[in-house]
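*Asks:* from the sequence below, what's the structure:
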Amino acid sequence: MPSVPISDEVFEAIQRKAVPLVDTVDSVLRRVLGLEAEQQSDKAGKLLPLLKAGLLEPDDELLWRRPQLGEAHRATVLATGCIRLADGRIATSPSGACSALSSTSVDGWEEWRRASDDVRLDELRQRAGIPVHRRKSRKSGEGERTADS
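*Replies:* Numbers count the residues shown, from 1 in each chain. So this is what the prediction gives:
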């Protein structure tokens with residue numbers, strides 16, 4: 001991969017267009033230039049077990065509705081188990097996809113639904129018998145779901 005020097009001013013402009021902890025210089029430039037996002041075929045996404053179980057198919061559309069904000073986000077399931085967002089960015093988990101779109105911590109398993117039948121990803125995960133890892137809450141000591149389990 002070539003190394004291209006850029007000025008501080010250009011780098012700062014790229015940073016302003018970047019989503020923190022999600023984007024790279026390459027992903028920002030791809031978005032700005034209208035290029036297709038580069039596939040991350042070497043990373044298996046968290047939806048891969050649902051694909052293997054036949055509960056999701058590559059190219060299935062996902063939907064995340066946020067009615068209180070008047071938003072509806074769409075994404076596509078990739079054969080790698082990753083999620084391609086409408087702007088071309090790729091997330092490896094449902095929660096990571098939510099974070100990329102909202103810059104907040106959200107349980108994506110609860111929020112994303114398969115668009116064809118409105119079934120939550122969490123329900124598909126339960127149908128597949130995939131265990132949900134739990135961690136202790138700092139306040140109550142009771143278990144709670146982890147964001148990407």
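
*Asks:* next, the distance between the ends of stretch 2-9.
*Replies:* Stretch 2-9 stretches 20 Å from its first residue to its last (C-alpha to C-alpha, to the nearest Å).

*Asks:* touching it from outside, list them.
*Replies:* With C-beta atoms under 8 Å, 6 or more residues apart in numbering as the test, stretch 2-9 has contacts from I14. Just so you know, the C-beta spots here come from the backbone N, C-alpha and C atoms, and that holds for glycine as well.

*Asks:* any idea of the mean pLDDT in that stretch?
*Replies:* The average pLDDT for stretch 2-9 rounds to 86.

*Asks:* cool, and stretch 88-97?
*Replies:* 91.

*Asks:* first to last residue in that stretch, what's the distance?
*Replies:* End to end - C-alpha to C-alpha - stretch 88-97 spans 11 Å.

*Asks:* how about it: buried residues?
*Replies:* Within stretch 88-97, the residues scored as buried using 16 or more other C-beta atoms under 10 Å are R89, I90, A91, T92, S93, P94, S95, G96, A97.

*Asks:* before we move on, what about stretch 80-89?
*Replies:* T80, G81, C82, I83, R84, L85, R89.

*Asks:* can I get those residues in JSON lines with secondary structure and distance to W109?
*Replies:* Output for these, formatted as JSON lines (DSSP: H, G, I helix; E, B strand; the rest coil; distance: C-beta to C-beta, whole Å):
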{"residue": "T80", "secondary structure": "coil", "distance to W109": "18"}
{"residue": "G81", "secondary structure": "coil", "distance to W109": "13"}
{"residue": "C82", "secondary structure": "coil", "distance to W109": "15"}
{"residue": "I83", "secondary structure": "strand", "distance to W109": "12"}
{"residue": "R84", "secondary structure": "strand", "distance to W109": "18"}
{"residue": "L85", "secondary structure": "strand", "distance to W109": "16"}
{"residue": "R89", "secondary structure": "coil", "distance to W109": "19"}
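
*Asks:* since that was my last question, I'll sign off now.
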